[in-house]
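Undergrad: structure for this input, please:
(one chain, ligands or ions: 1)
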Amino acid sequence: MGILLKNGKLLELETGELLPREILIEGKTIQKIAEQLDTTGHEVVDLGGGVIVPGFIDMHVHLRDPGLEYKETIETGTRAAAKGGFTTVACMPNTKPILDTPELMNYIYETAEKTGYCKVVPYAAITCGGRGEELTDMQALKEAGAVGFTDDGVGVQVAGMMRTAMERAKELGLPIVIHAEDESLSGKGCMNEGEVSKRLGLPGIPGVAESVHVARDALLAELTGAHLHVCHISDASAVDAVRWAKRRGIRVTAEVTPHHLLLTDEGIDGTDANWKVNPPLRTENDRKACLEGLLDGTIDMIATDHAPHSVEEKQRAFQVAPFGFVGLETVFPLLYTELVAKSQQMTLQQLVHKMAVAPAEVFDLPGGRVAEGGVADLTVLNLEEERIIDPNDFASKGRNTPFAGWKAKGWPVLTVCEGRITHSRP
Ligand SMILES: [Zn+2]
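TA: Prediction:
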């Protein structure tokens with residue numbers, strides 16, 4: 001007995017056409033796709049005219065587990081992911097302890113297998129404890145299933161350390177994934193350095209704190225031949241650095257978050273820490289550069305940088321509250337509404353490409369397509385239904401979003417991960 005999806009429209013990724021198709025899933029596999037299939041002996045799920053796309057893949061998620069379970073657990077974080085249409089997420093190693101041993105890789109895989117609502121692939125730390133002093137045992141971490149190496153949360157400050165990390169990563173065939181931040185430039189900043197930070201009297205983080213690391217690491221990737229992936233790009237000069245590196249033939253890829261595509265520092269009033277994130281929301285010029293980079297292929301994919309915190313933590317004063325927004329449950333409706341439906345700056349298939357196809361290709365992960373014989377990772381979207389974003393509805397433990405109250409459409413109504421229904425709403 002399989003699951004038969006009826007009354008759905010399959011998005012053709014090349015043309016953007018919506019094709020009436022029925023899909024039969026058996027085990028973890030898409031067995032058949034056709035205009036009409038025999039329902040005998042199968043569990044039939046009516047998709048109500050919803051649009052079928054490949055399950056989304058988010059290469060930048062903080063699941064906070066182990067050690068920070070008051071913010072999020074693998075169970076709540078993956079439930080949020082499934083609700084947002086995701087079938088795979090990559091989790092960041094800045095937990096407590098930091099994911100820097102094979103045992104901790106095993107912990108992630110085992111816990112996700114037991115309690116998870118999507119596949120979780122862990123990154124391992126570049127340096128022990130994320131302290132930037134000593135490299136981890138990258139080979140053992142790869143053997144335990146690490147999909148890349150990152151000290152996300154902080155930048156690797158010493159260029160020589162980064163060079164050696166890249167040499168090893170290159171040998172292992174895994175990417176170095178960077179949080180680009182030069183601490184001698186970012187200092188104690190809590191928002192973008194510019195007009196708004198001056199007006200509010202808050203210490204700023206200049207855009208160059210990001211772009212000097214992107215440029216440095218692109219040059220080190222050229223030297224070592226490593227694959228460099230740039231996290232959460234936010235600054236116009238950093239986008240230019242990636243564009244330059246790609247033209248030069250350097251193996252660099254990049255991601256951008258929904259908040260850096262939709263918001264600027266003009267929204268910050270200096271009191272509400274639900275607007276505090278790192279890298280910070282920057283200027284309209286930077287926001288436009290990020291969008292342009294996404295559209296011209298400089299930026300390969302969208303990642304949420306889902307970073308849950310407790311309500312109490314985010315109620316602290318702006319300068320001392322922790323950085324970060326949740327994002328898994330709202331990313332698709334927000335980007336679909338703002339960039340596709342309202343302004344037509346992107347097509348639906350471009351957005352799906354950036355959220356599913358590109359991450360699967362760049363990180364060599366299963367999924368990213370809906371095809372016979374392929375893994376049954378898919379998401380069904382209701383592109384019409386409009387809802388107001390209410391953090392109280394979140395499956396995530398985090399409520400910290402600057403998008404509360406926004407009206408958005410394009411909600412995931414069904415998520416199937418390896419043939420299992422992980423999210424379903426009428
Ligand atoms: Zn980061």
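Undergrad: list the buried residues of the one helix or strand residue 422 maps to.
TA: Residue 422 is part of strand 420-424, with elements assigned from DSSP states H and E. The neighbour-count check on strand 420-424 (16 or more other C-beta atoms under 10 Å) flags 420, 422-423 as buried. To be clear about C-beta, it is placed using only N, CA and C from the backbone, and glycine gets the same treatment.
Undergrad: give me the neighbour count for residue 371.
TA: If you count neighbours by other C-beta atoms under 10 Å, residue 371 ends up with 10.
Undergrad: quick check: closest non-adjacent residue to it.
TA: residue 30 (6.5 Å; C-beta to C-beta, 6 or more residues apart in numbering).
Undergrad: tell me who's in contact with that neighbour.
TA: 23-24, 370-376, 378 (C-beta atoms under 8 Å, 6 or more residues apart in numbering).
Undergrad: dump the residues you listed to CSV, plus pLDDT and secondary structure.
TA: Converted to CSV, these look like this (pLDDT from 0 to 100; DSSP: H, G, I helix; E, B strand; the rest coil):
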residue, pLDDT, secondary structure
23, 98, strand
24, 98, strand
370, 98, coil
371, 98, coil
372, 98, coil
373, 98, coil
374, 98, coil
375, 98, strand
376, 98, coil
378, 98, strand
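Undergrad: now the helix or strand containing residue 358, how far from the chain's geometric center?
TA: In the assignment (DSSP H and E), residue 358 maps to helix 358-362. Computed by C-alpha atoms, centre = their mean, to the nearest Å, the chain-centroid distance of helix 358-362 equals 12 Å.
Undergrad: which neighbouring elements make contact with it?
TA: strand 56-61, strand 301-302 (3 or more C-beta pairs under 8 Å, 6 or more residues apart in numbering; DSSP states H and E).
Undergrad: deepest of those strands, which one?
TA: Comparing the helices and strands packed on helix 358-362 by mean neighbour count (mean count of other C-beta atoms under 10 Å), strand 56-61 ranks first with a mean of 30.
Undergrad: what are the contacting residues of that one?
TA: Taking C-beta under 8 Å, 6+ apart as the rule, strand 56-61 contacts 77, 81, 84-92, 152, 177, 229, 231-232, 255, 257, 301, 303-306, 328, 331-332, 355-356, 359-360, 362-363, 365, 367-368, 379.
Undergrad: now whatever helix or strand comes next after it and strand 420-424, what's the angle there?
TA: Of the helices and strands lying after strand 56-61 in sequence (DSSP H and E), the nearest is helix 74-83. For helix 74-83 against strand 420-424, the angle by axes from the mean of the first three to the mean of the last three C-alpha atoms, to 10 degrees is 80 degrees.
Undergrad: what average pLDDT does helix 74-83 get?
TA: Per-residue pLDDT over helix 74-83 has a mean of 98.
Undergrad: what pLDDT does residue 188 get?
TA: So residue 188 comes in at 97 (pLDDT).
Undergrad: contacts for stretch 66-77, please.
TA: Under C-beta under 8 Å, 6+ apart, the answer for stretch 66-77 is 61-65, 89, 91, 95-97, 104, 107-108, 111-112, 115-117, 120, 306, 308-310, 313, 328, 395-398.
Undergrad: okay, and which of those residues map to strands?
TA: 61, 89, 91, 120 (DSSP state E).
Undergrad: by neighbours, which of the residues you listed wins?
TA: residue 89 (34 neighbours).
Undergrad: what does the lengthiest helix in the chain rub up against?
TA: Scanning the chain for the longest helix, with DSSP state H as the assignment, gives helix 208-224. Contacts to helix 208-224, defined as C-beta under 8 Å, 6+ apart, come from residues 155, 159, 162-163, 166-167, 170, 176, 178, 180-183, 185-186, 189, 226-228, 230, 233-235, 237-238, 240-242, 244-245, 248, 250-252, 279.
Undergrad: residue 154 contacts residue 132, correct?
TA: Yes. At 7.2 Å, residue 154 counts as touching residue 132 under the criterion of C-beta atoms under 8 Å.
Undergrad: leaving out sequence neighbours, find the closest residue to residue 194.
TA: Per C-beta to C-beta, 6+ apart, closest to residue 194 is residue 283, 6.0 Å.
Undergrad: and that neighbour, what does it touch?
TA: Applying C-beta under 8 Å, 6+ apart, the residues contacting residue 283 are 192, 194-195, 264-265.
Undergrad: dump those into JSON lines; add pLDDT and secondary structure as well.
TA: Converted to JSON lines, the contacts of residue 283 look like this (pLDDT from 0 to 100; three-state DSSP):
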{"residue": "192", "pLDDT": "98", "secondary structure": "strand"}
{"residue": "194", "pLDDT": "98", "secondary structure": "coil"}
{"residue": "195", "pLDDT": "98", "secondary structure": "helix"}
{"residue": "264", "pLDDT": "98", "secondary structure": "coil"}
{"residue": "265", "pLDDT": "98", "secondary structure": "helix"}
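Undergrad: distance to the ion added to the contacts of residue 30, as a markdown table?
TA: Below are these laid out as a markdown table (distance: C-beta to the ion, whole Å):
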| residue | distance to the ion |
| --- | --- |
| 23 | 37 |
| 24 | 41 |
| 370 | 31 |
| 371 | 33 |
| 372 | 38 |
| 373 | 37 |
| 374 | 31 |
| 375 | 29 |
| 376 | 32 |
| 378 | 29 |
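Undergrad: tell me the buried residues within these.
TA: With burial judged by 16+ other C-beta under 10 Å, the buried subset of the contacts of residue 30 is 23-24, 370, 374-376, 378.
Undergrad: and residue 115, how many neighbours does it have?
TA: Using other C-beta under 10 Å: residue 115 sits among 14 other residues.
Undergrad: so how far is residue 222 from the closest residue to it other than its chain neighbours?
TA: Spatial nearest neighbour of residue 115, excluding adjacent residues (C-beta to C-beta, 6+ apart): residue 75 at 4.1 Å. Separation of residue 75 from residue 222 (C-beta to C-beta, to the nearest Å) stands at 42 Å.
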